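1. I'd like to go over a predicted model; first the sequence, then the structure.
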Amino acid sequence: MKIQNEFRKEIRRYSEWDFEKGRVQKIQINSSNEIGGENGGYCQVYSFSKKKAIKVPRNEENPVDYILEEYENHLIALEKGISTPKIFGLCFAYLDSSTLPLPGIVMQDLGRKTLDRLSIEEAEADIFNSWRKEREKMGKRGFLRWDSSKRTNAIWVSEEKKVYLIDWGRNRYLGNDKYELLNKIYARHKNAN
Ligand SMILES: Nc1ncnc2c1ncn2[C@@H]1O[C@H](COP(=O)(O)OP(=O)(O)OP(=O)(O)O)[C@@H](O)[C@H]1O
Ligand SMILES: [Mg+2]
């Protein structure tokens with residue numbers, strides 16, 4: 001089956017209710033577009049349209065809770081100025097001919113250069129310094145650095161000469177202003193629409 005629709009830009013507060021009532025965009029994904037390989041323990045990632053990727057949980061007992069939590073941590077990371085992929089919204093993804101809806105985060109596809117995949121010449125450059133700085137920033141800006149040291153959780157974007165951090169499943173925001181920040185983010189998007 002083909003991709004039926006382009007994801008429209010939609011950042012808002014989602015709840016389980018949106019998923020239960022089918023109030024999220026439905027997107028067809030294809031297993032041949034899987035991009036994370038063995039990298040993701042908890043999730044799988046698929047490329048979707050030109051520059052977008054969708055992350056869905058593998059075998060989570062409560063996949064909706066899992067994705068909602070990750071989505072909000074990721075939005076806060078963006079708000080805090082951490083170099084991480086842009087987010088477009090949440091969706092229900094349908095893999096191949098499956099009728100099982102998988103909750104997913106739709107984000108910017110940053111390419112295939114996770115730090116574990118860099119060649120020796122590339123790895124010798126300033127990339128690892130840039131990575132270390134970004135991770136320090138993450139700690140200073142209130143995030144738990146749970147698995148930030150994994151090379152599979154950082155991507156080198158050579159065009160921008162910049163390392164991006166990914167994976168906000170376990171690297172989560174600990175500040176007690178979490179909901180205040182989220183309200184601000186959602187209000188801004190609401191006004192922009
Ligand atoms: N925005 C993105 N652009 C390009 N590739 C991505 C993106 N997000 C994830 N990937 C690819 O998918 C892999 C798995 O993603 P991610 O680390 O977010 O999943 P995970 O299951 O939460 O991982 P972990 O086992 O570390 O908990 C990454 O290592 C990377 O190869
Ligand atoms: Mg990971």
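-> Okay, I see it. Ligands and ions are numbered 1, 2, ... in the order given.

2. what comes up buried for the helix or strand hosting residue 131?
-> Secondary structure assigned from DSSP states H and E places residue 131 in helix 127-140. Residues 127-128, 130-131, 134-135, 138 are the ones in helix 127-140 that count as buried (16 or more other Cβ atoms under 10 Å). For glycine as for every other residue, the C-beta is placed from the backbone atoms N, C-alpha and C.

3. Near ligand 2, list only the ones from the residues you listed.
-> Among the buried residues of helix 127-140, no residue lies close to ligand 2 (Cβ under 5 Å from the ion).

4. can you redo those residues as JSON lines with pLDDT?
-> Converted to JSON lines, the buried residues of helix 127-140 look like this (pLDDT from 0 to 100):
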{"residue": "127", "pLDDT": "93"}
{"residue": "128", "pLDDT": "92"}
{"residue": "130", "pLDDT": "92"}
{"residue": "131", "pLDDT": "94"}
{"residue": "134", "pLDDT": "95"}
{"residue": "135", "pLDDT": "95"}
{"residue": "138", "pLDDT": "95"}
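
5. Just give the nearest non-adjacent residue to residue 127, would you?
-> Leaving aside its chain neighbours, residue 127 sits nearest to residue 156 (5.5 Å; criterion: Cβ to Cβ, 6 or more residues apart in numbering).
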